[in-house]
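Novice: return a 3D structure for these sequence lines:
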Amino acid sequence: MLWVYRTGGIPDILFERDENVPITKEEIRALVISKLRLRDDSWAIDVGCGSGSITVELCIQVPNGKVCGIDSNEAAVDLTNRNLSKFQVNADLFLGQAQDILPTLPQVDAIIIGGSSGDLGRLMNLAIGRLKTGGRIVIDTIQIETLCLVNRLVKENSLYEIDISQAIITKAKEISSGTMMIARNPVTIVSATKP
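Specialist: Numbering: from 1, shown residues only. Sure thing, here's the model as predicted:
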């Protein structure tokens with residue numbers, strides 16, 4: 001097996017990549033996974049699965065559970081499928097709009113929204129509807145406008161244990177004169193529990 005550990009944050013270099021398909025960076029994945037509060041038998045949905053990095057990590061975290069990945073981009077679903085195969089884990093993948101697919105899925109313990117391709121308000125309401133009581137939702141965003149909308153929707157839906165964290169990651173890069181720290185985009189992570 002390519003990754004034998006249960007800790008989150010698989011190195012990005014181990015994933016198949018495509019320039020046109022986004023990947024959630026390893027440090028952000030580790031934080032997102034920790035906010036989901038998963039158990040071995042949790043069921044989880046990754047909305048906007050992109051490269052499949054979170055989908056793969058969810059599968060590793062819930063060996064006795066079930067994981068679904070959704071993306072509206074065919075290249076993303078193909079890439080996620082390749083990464084699932086590479087890491088020898090299984091998930092159900094769906095190509096299409098999450099707003100159309102979520103209502104067809106069973107209730108789950110955890111949902112991560114990493115991409116919405118529009119109408120985030122409707123998507124969040126559908127996602128919250130798919131959560132079991134006590135289930136966790138996590139939304140990661142780089143845009144302030146998205147954060148404001150998510151914050152409002154979390155409160156309107158009477159979610160609790162709300163946590164908003166912003167991560168600013170810097171990574172070392174070797175240059176001719178030594179090592180320099182390069183900053184990545186700040187990412188805000190919102191998590192909450194369904195009452």
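Novice: export stretch 7-20 as CSV, just CAs?
Specialist: Extracted in CSV, the C-alpha atoms of stretch 7-20 (Å, rounded to 0.1, in the frame of the first residue of the first chain):
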residue,chain,number,x,y,z
THR,A,7,-2.6,10.4,10.1
GLY,A,8,-4.0,13.0,7.8
GLY,A,9,-1.9,15.1,5.4
ILE,A,10,-0.6,12.7,2.8
PRO,A,11,2.2,14.5,0.9
ASP,A,12,0.9,16.2,-2.2
ILE,A,13,3.7,14.7,-4.3
LEU,A,14,2.1,11.2,-3.9
PHE,A,15,-1.1,12.2,-5.7
GLU,A,16,-1.7,12.1,-9.4
ARG,A,17,-2.1,15.7,-10.6
ASP,A,18,-3.7,17.6,-13.4
GLU,A,19,-3.0,21.4,-13.9
ASN,A,20,-6.7,22.0,-14.6
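Novice: can you list contacts of that stretch?
Specialist: Applying C-beta atoms under 8 Å, 6 or more residues apart in numbering, the contact partners of stretch 7-20 are 2-3, 23, 25-27, 29-30, 33-34, 51-53, 56-57, 60-61, 75, 79, 82-83, 86-87. C-betas here are computed from N, CA, C, even on glycine.
Novice: now with 7 Å?
Specialist: With C-beta atoms under 7 Å, 6 or more residues apart in numbering as the test, stretch 7-20 has contacts from 2-3, 23, 25-27, 29-30, 33-34, 51, 53, 56-57, 75, 79, 82-83, 86.
Novice: also stretch 156-172?
Specialist: With contacts defined as C-beta under 7 Å, 6+ apart, stretch 156-172 is touched by 25, 27-28, 31, 35, 128, 151, 154, 179, 181-184, 186-195.
Novice: in strands, which of those residues fall?
Specialist: Among the contacts of stretch 156-172, DSSP state E puts 179, 181-183, 187-193 in strands.
Novice: the strands in the protein, which residues?
Specialist: Using DSSP E, the strands assigned to the chain run over residues 43-47, 66-71, 92-95, 108-113, 131-141, 160-167, 170-175, 178-183, 187-193.
Novice: thank you kindly, that will do.
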